[in-house]
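K.L.:
okay, predicted coordinates and the sequence, questions at the end:
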Amino acid sequence: MWPAIIVASLGCYAIKLFGLSVPRKWLARPRIAHTADLLPVALLTALVATQTFTNGRHLVIDARAAGLLAAIVALRFKAPFLVVVGVACLAAALVRLAV
Amino acid sequence: MADEELTETDPPWSTTRRAVLRDAIGVGVATGAYGLSFGAISVASSLSILQTCVLSLVLFSGGSQFALVGVVGGGGAPMTGAATALLLGVRNGFYGLRLSRLLRLRSWRRIAGAQLVIDESTAMALARTSRPAARFAFWSTGLSVFLLWNLATLIGAVATQALHDPRVFGLDAAPPAAFLALMAPRLRSREPRVVALVAAIVAIASVPFVPTGVPVLFAAGVAVVAGFAGARGRGPRKTSSDDDASAVEVRA
């Protein structure tokens, strides 16, 4: 675990420092700018999907799906961040109790 | 009369300072609350309290930290988690590009300031019109978030360590909900929605066939393909700074 923590930590710092230090025309390249906009969206959705519907390398539907559904409903009502997370936990916990 | 008009267009520094500081502390408290859930999720994903705190101190980028512990918690290899964290960290590099001209940090200020280049400090600095105000907003927000984020991480980690099975409290449903809430502001237009949907399908479909954590990296490929295809034929973008400003949102 430690090597991964060190690699990720130093790497992320290097990226930040690099951004502050390189010539500005880099970002003027539209493909790079556009990809940078889309990367977080793709990565985070993939994480949401895999963390909710998989167990190791198996696809499953369990209490976490109820949690995700509750989070979506909370977001629809423009709930603040912590409420969204709290509602998801509550829904998953309740489904586990009931099943 | 002339004085009043002048005050309206260019408020005195003390007023600006107070307003910026109030916002900085507010943003710090909000992200601190989010740090609480990071501490909890990290320990629930089998990281130690020390490892959890080192991530918040040294990595210090919410999305990347959640991604790393998310991959590990799902049974993925730690290095796969690190790769995902680095990919998510790329966005901070673009914030840096935007901030470098605005703040003009030199020598040790650049070394120290780099650690504070995150969503919140970038958004707050970009919202200011003068360089001194932008600098003050950047440092005050960055330090406020840094302090409260780390304090909250420790509290969340210690509290969760005391629980026997975090799943009873539905804590394993927390990371997806957190990511979804983080991403929601970016899903207002059609293209990111399509990319999100395709990324989710690619990730889910590849789960049975590749090692855990790798499907998320496949999803990065979706962004690269869409980024290059979408930018083609659109001509040069207005300016990069416009893109940055719209991509930055104050979170939590």
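P.N.:
The structure has been received and is ready for your questions.

K.L.:
following element in sequence after the helix or strand B:Arg22 falls within, please.
P.N.:
Counting by DSSP states H and E, the element that carries B:Arg22 is helix B:13-44. Downstream of helix B:13-44, the next assigned helix or strand under DSSP H and E is helix B:49-54.

K.L.:
what about that following helix, near chain A?
P.N.:
Yes. For a cut-off given as Cβ under 8 Å from any Cβ of the partner chain, helix B:49-54 has contacts with chain A, namely B:51, B:54. For the C-beta atoms, the positions are set from N, CA and C on the backbone; glycine is no exception.

K.L.:
what packs against the helix or strand just after that helix?
P.N.:
Per DSSP H and E, the first helix or strand lying C-terminal to helix B:49-54 is helix B:62-73. Using 3 or more Cβ pairs under 8 Å, 6 or more residues apart in numbering or on different chains; DSSP states H and E, the elements in contact with helix B:62-73 are helix A:2-21, helix A:30-53, helix B:13-44, helix B:78-103, helix B:174-183.

K.L.:
so what does the helix holding B:Arg22 touch, helix or strand wise?
P.N.:
By 3+ Cβ pairs under 8 Å, 6+ apart, helix B:13-44 packs against helix A:81-98, helix B:49-54, helix B:62-73, helix B:119-126, helix B:131-161, helix B:174-183.

K.L.:
residues in contact with the shortest one: which ones?
P.N.:
Identification of contacts with helix B:49-54 by Cβ atoms under 8 Å, 6 or more residues apart in numbering or on different chains yields A:1-2, A:5, A:9, B:38-39, B:42-43, B:69, B:150, B:153-154, B:157-158, B:161.

K.L.:
what is the nearest of those to B:Gly213?
P.N.:
Of all the contacts of helix B:49-54, B:Val69 has the smallest distance to B:Gly213: 11.7 Å, by Cβ to Cβ.

K.L.:
give me the neighbour count for that closest one.
P.N.:
26 (other Cβ atoms under 10 Å in any protein chain shown).

K.L.:
surely it and B:Pro78 touch.
P.N.:
No. Using Cβ atoms under 8 Å as the test, B:Val69 is too far from B:Pro78 to be in contact (9.9 Å).

K.L.:
contacts only, for the residue nearest to the spatial centre of chain A.
P.N.:
Nearest to the geometric centre of chain A sits A:Leu44, at 3.5 Å (Cα atoms, centre = their mean). If you count contacts by Cβ under 8 Å, 6+ apart, A:Leu44 has them with B:63, B:67, B:88, B:179-180, B:182-183.

K.L.:
for chain B, what is the nearest residue in chain A?
P.N.:
A:Gly19 (2.1 Å; Cβ to the nearest Cβ).
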